[in-house]
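Engineer: Sequence first, predicted model second:
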Amino acid sequence: MTAITLNSINKRFGPVHVLKDISLEFNKGEFVVLVGPSGCGKSTLLRMIAGLEPVSAGDMIFGDTRVNDLEPRDRDIAMVFQSYALYPHMDVERNLGFSLELRKRAAAEKKERTSHAAGILGLDKLLDRFPRALSGGQRQRVAMGRAIVRDPQIFLFDEPLSNLDAALRIEMRIEIAKLHRRLGTTMVYVTHDQVEAMTLADRIVVMNAGQVEQVGTPLDLYSNPANLFVAGFLGSPKMNFVAYDDPALNLPSALTNPSAQTYGIRPEHIKVTAPDKNAHLVGTIDVVERLGSDTIFYINHGADKPFVVRVPGIDRTAIGEKIGCQFQPEDLHLFDQDGQAISEHKNG
């Protein structure tokens, strides 16, 4: 069953065309992540789903109901923002249940829903604390709990982890994933962080300049990017791109294609070899990042950007050494002159 359908959604701010013919379907119970660089329109699209921004053209449908003209309070959604927006003079329990208080719900119902949300998020022992006595992660849990208390059809998240440090972001990603599994509610999540997208989503919508570049599961987008933009956006470190006429490139005919203008290879799919004629690319190590679990080499091969190689474990190859790189045919991505993926390798 479809929870949200977007038919040719457009958004204009005066003469500026921000969103251009967005057509998407989000299934009931699905976790969909809208991802893309700053300014691509992902937060604007989320705000339109919430009813906080009007639709300039197109149809927005929840289930079987067109909601273009419905107020946010009538859409049965709950939104978690980047800012926690907690009431500083209210303790956690009242912050959680305040939306029910405004709706004049019975005290017993408010108590039951508040306790349920607090239990899900591990806030049971913090109910009498005020926001100033909470950590950033605890405040974000309260913001999420406030949404759970409303028991909506759809949860909307607008970069909810951006204000947290790296360790807390990982912790909260786990909490959000567990929350989705427990509730089974449709969730639409906006982020510019591709790691959040890859780890949380059932499906990812990659956006760029107000348009949808590709939609798919995280592994499908990682393995089969539709174009240069998606290939370069998903993955950390990013995919390497090498021009077909790069003098450092030494591909055998079996790996070439006459239509390919750009070859792409992910850092983790590269085998380090001797810098001889059997190497597909040769360069000199400029920078080394030793992370313990992995070692990342940044190789100068004469182009504007370094060629990045990721190898497992600790590798003690030093800066200044020359190394070779080899690729497997199945790991090489080919793109035509328009930046679109070439689906098959064809020996020219």
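Structural biologist: Done, it's in. Residues are numbered from 1 along each chain as shown.

Engineer: any idea how far the residue nearest to the spatial centre of the chain is from V188?
Structural biologist: For the chain, A197 is the residue whose C-alpha lies nearest the centre (C-alpha atoms, centre = their mean; 2.6 Å). In this view, A197 and V188 are 12 Å apart by C-beta to C-beta, to the nearest Å. In this view, the C-beta of every residue, glycine as well, is placed from N, C-alpha and C.

Engineer: that's a helix at the residue nearest to the centre of the chain, yeah?
Structural biologist: Yes - counting by DSSP: H, G, I helix; E, B strand; the rest coil, A197 is part of a helix.

Engineer: Would you mind giving the domain segments of this structure?
Structural biologist: Residue ranges of the domains in the chain are recorded as 2-228, 242-342, according to automatic domain parsing.

Engineer: Overlap of the contact sets of A197 and V188?
Structural biologist: Shared contacts of A197 and V188 (C-beta atoms under 8 Å, 6 or more residues apart in numbering): V33.

Engineer: Which helix in the chain has the most residues?
Structural biologist: helix 166-183 (DSSP state H).

Engineer: buried ones in that helix?
Structural biologist: 168-169, 171-173, 175-176, 179-180 (16 or more other C-beta atoms under 10 Å).

Engineer: Format those residues as JSON lines; extra columns: pLDDT and distance to T217.
Structural biologist: Formatted as JSON lines, these follow (pLDDT from 0 to 100; distance: C-beta to C-beta, whole Å):
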{"residue": "L168", "pLDDT": "84", "distance to T217": "27"}
{"residue": "R169", "pLDDT": "87", "distance to T217": "22"}
{"residue": "E171", "pLDDT": "86", "distance to T217": "24"}
{"residue": "M172", "pLDDT": "86", "distance to T217": "22"}
{"residue": "R173", "pLDDT": "91", "distance to T217": "17"}
{"residue": "E175", "pLDDT": "88", "distance to T217": "22"}
{"residue": "I176", "pLDDT": "91", "distance to T217": "18"}
{"residue": "L179", "pLDDT": "90", "distance to T217": "20"}
{"residue": "H180", "pLDDT": "93", "distance to T217": "15"}
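
Engineer: export those to JSON lines and tack on distance to P275?
Structural biologist: Listed next are the buried residues of helix 166-183 as JSON lines, based on distance: C-beta to C-beta, whole Å:
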{"residue": "L168", "distance to P275": "43"}
{"residue": "R169", "distance to P275": "39"}
{"residue": "E171", "distance to P275": "43"}
{"residue": "M172", "distance to P275": "44"}
{"residue": "R173", "distance to P275": "40"}
{"residue": "E175", "distance to P275": "47"}
{"residue": "I176", "distance to P275": "45"}
{"residue": "L179", "distance to P275": "50"}
{"residue": "H180", "distance to P275": "48"}
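
Engineer: closest to Y87 among those?
Structural biologist: Ranked by distance to Y87 (C-beta to C-beta), the buried residues of helix 166-183 are led by M172 at 21.0 Å.

Engineer: low-confidence ranges in the stretch 151-300 of the chain?
Structural biologist: For the stretch 151-300 of the chain, applying pLDDT under 70 flags no range at all.

Engineer: Show me where it has its helices.
Structural biologist: 166-183, 194-200, 218-223, 228-233 (DSSP state H, counting those that start in this stretch).

Engineer: pretty sure the residue nearest to the centre of the chain contacts L234?
Structural biologist: Yes - counting by C-beta atoms under 8 Å, A197 does reach L234; the two are 7.4 Å apart.

Engineer: Give me whichever of the domains of the chain is most buried.
Structural biologist: Greatest average neighbour count among these goes to domain 2-228 (a mean of 18), per mean count of other C-beta atoms under 10 Å.

Engineer: So what's the gap between that domain and the chain middle?
Structural biologist: Distance, stretch centre to chain centre, for domain 2-228: 13 Å (C-alpha atoms, centre = their mean, to the nearest Å).

Engineer: distance between the ends of that domain?
Structural biologist: 30 Å (C-alpha to C-alpha, to the nearest Å).

Engineer: Same check on stretch 56-74?
Structural biologist: Stretch 56-74: ends 20 Å apart by C-alpha to C-alpha.

Engineer: sorry, back to before: need the contact list for the residue nearest to the centre of the chain.
Structural biologist: Contacts of A197 (C-beta under 8 Å, 6+ apart): 33, 35, 191, 204, 218, 234.

Engineer: can I get those in a markdown table with distance to L121?
Structural biologist: Below are those laid out as a markdown table (distance: C-beta to C-beta, whole Å):
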| residue | distance to L121 |
| --- | --- |
| V33 | 21 |
| V35 | 25 |
| T191 | 20 |
| I204 | 25 |
| P218 | 25 |
| L234 | 29 |
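
Engineer: nearest to G184, of those?
Structural biologist: V33 (17.0 Å).

Engineer: quick one: contacts for that closest one?
Structural biologist: Counting by C-beta under 8 Å, 6+ apart, V33 has contacts 188-191, 196-197, 200-201, 203-205.

Engineer: And it, what's its pLDDT?
Structural biologist: On pLDDT, V33 comes in at 98.

Engineer: again, but for R141
Structural biologist: Per the predicted model, pLDDT is 88 at R141.

Engineer: Surely it touches G122?
Structural biologist: Yes - with contact defined as C-beta under 8 Å, R141 counts as touching G122 (7.1 Å).

Engineer: So for A197 and L234, which residues contact both of them?
Structural biologist: Going by C-beta under 8 Å, 6+ apart, residues that sit against A197 and also against L234 are 204, 218.

Engineer: Secondary structure class of P54, three-state.
Structural biologist: coil.
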